[in-house]
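Enquirer: Generate a structure from the sequence data that follows.
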Amino acid sequence: MGNANARQKAAEVRKSEEAAQKRRQRTINIAIAVALLAAVVAIIGIALAASSGNKEAKQANPEATAPNGSIPTGQANQYGIPANDAPGKPVLAIWEDFQCPACGQFEATFGSTVNEIAAKGDAQVIWRSTSFLDGQFPGENSQRASAAWGCAVDAGKSAEYHSVVFANQPQTEGEGWTQEQLIAFGDQVGIAGDQKATFDQCVTDKTYMSWAANGTATMVAEGVGGTPTLTLDGEKLEVQDLGDPEGLKKAIADAASGSGQ
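Expert: Sure thing, here's the model as predicted:
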């Protein structure tokens with residue numbers, strides 16, 4: 001009788017353990033499914049932002065007017081703005097959204113180093129602007145900022161305007177900038193004289209809105225999942241792996257050395 005009770009208790013324990021294991025596995029399966037669904041939703045969200053944006057945003061148009069020096073349609077890093085001319089050097093491309101807080105942090109930490117790399121010609125630096133966050137907020141703020149930056153590119157103040165827009169990034173994501181602010185940033189970076197009148201009109205007319213949309217459409221087409229995203233000679237660089245600006249310099253030096261520079 002005692003042995004029978006012991007076997008029964010052992011069987012009950014096994015059943016209880018099996019049931020607990022099934023519950024744990026079910027919980028894991030649900031968590032995985034939720035994570036996969038979130039990833040799919042994020043990708044769909046980016047695609048929808050690029051294809052539709054908010055109602056006031058201009059749509060992508062490969063024939064749209066582009067700022068001086070913008071990389072043409074169909075070429076590597078299309079619609080990007082080169083920060084310098086460094087043929088034969090490693091190519092550092094940086095995807096960013098002016099409205100993105102993480103991009104603002106990247107600019108605060110790495111911005112001066114990126115400008116230094118460009119100035120020294122250690123790498124060919126290409127800024128690739130996107131406005132995918134406009135799909136989450138009204139006012140096409142990212143697209144307008146990118147378009148205004150294009151106007152500053154024409155005025156020869158690409159790096160300066162880029163830095164000022166990020167330095168004045170609103171504390172609350174989605175608030176964006178008024179057109180008057182975007183014009184005033186031109187004054188801050190020294191756009192003056194005839195160039196000021198041209199710049200002001202360019203911003204007012206939103207001349208480069210479709211060009212900005214082209215960048216977002218390209219981001220989706222290339223499968224870029226968010227900003228900031230860095231690539232070095234086409235290979236993704238994880239910002240967290242770089243650690244600090246010296247890490248970025250080292251990555252570029254390694255790429256130059258590996259290519260026989």
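
Enquirer: CA only for contacts and neighbour counts going forward, please
Expert: Noted.

Enquirer: averaged over its residues, what pLDDT does stretch 97-116 have?
Expert: The average pLDDT for stretch 97-116 rounds to 97.

Enquirer: Give me the buried positions along it.
Expert: Within stretch 97-116, the residues scored as buried using 16 or more other C-alpha atoms under 10 Å are 97-101, 103-104, 106-107, 110-111, 113-115.

Enquirer: now swap in stretch 155-169 and tell me
Expert: For stretch 155-169, by 16+ other C-alpha under 10 Å, it's 155, 157-163, 165-166, 169.

Enquirer: thinking again about what came up before, and which of the buried residues of stretch 97-116 is nearest Met219?
Expert: Taking C-alpha to C-alpha as the measure, Met219 lies nearest Asp97 of the buried residues of stretch 97-116, at 10.9 Å.

Enquirer: State the number of residues packed around the nearest residue in space to the closest one that is not next to it in sequence.
Expert: Ranked by C-alpha to C-alpha, 6 or more residues apart in numbering and with sequence neighbours excluded, the top spatial neighbour of Asp97 is Thr130, at 5.1 Å. Applying other C-alpha atoms under 10 Å, we find 33 residues neighbouring Thr130.

Enquirer: and the gap between Thr130 and Ser146?
Expert: Plainly put, Thr130 is 7 Å away from Ser146 if you go by C-alpha to C-alpha, to the nearest Å.

Enquirer: cool, and Leu92?
Expert: Taking C-alpha to C-alpha, one finds Leu92 at 19 Å from Ser146.

Enquirer: So which of the two has more stuff around it?
Expert: More crowded of Leu92 and Ser146, by other C-alpha under 10 Å: Ser146, with 28 against 25.

Enquirer: circling back to that earlier point, mind listing which of the buried residues of stretch 97-116 are in helices?
Expert: 101, 103-104, 106-107, 110-111, 113-115 (DSSP state H).

Enquirer: what sits against the closest residue to Ile191 other than its chain neighbours?
Expert: In this structure, Ile191 finds its nearest non-sequential neighbour in Ala155, 6.9 Å apart by C-alpha to C-alpha, 6+ apart. Contact partners of Ala155, counting by C-alpha atoms under 8 Å, 6 or more residues apart in numbering, are 191, 195, 199.

Enquirer: Could you do Pro101 as well?
Expert: Counting by C-alpha under 8 Å, 6+ apart, Pro101 touches 169, 173.

Enquirer: now do 10 Å
Expert: Residues near Pro101 by C-alpha atoms under 10 Å, 6 or more residues apart in numbering: 107, 166, 169-173, 227-228.

Enquirer: of the residues you listed, closest to Tyr208?
Expert: Set against Tyr208, the nearest of these by C-alpha to C-alpha is Phe166 (18.8 Å).
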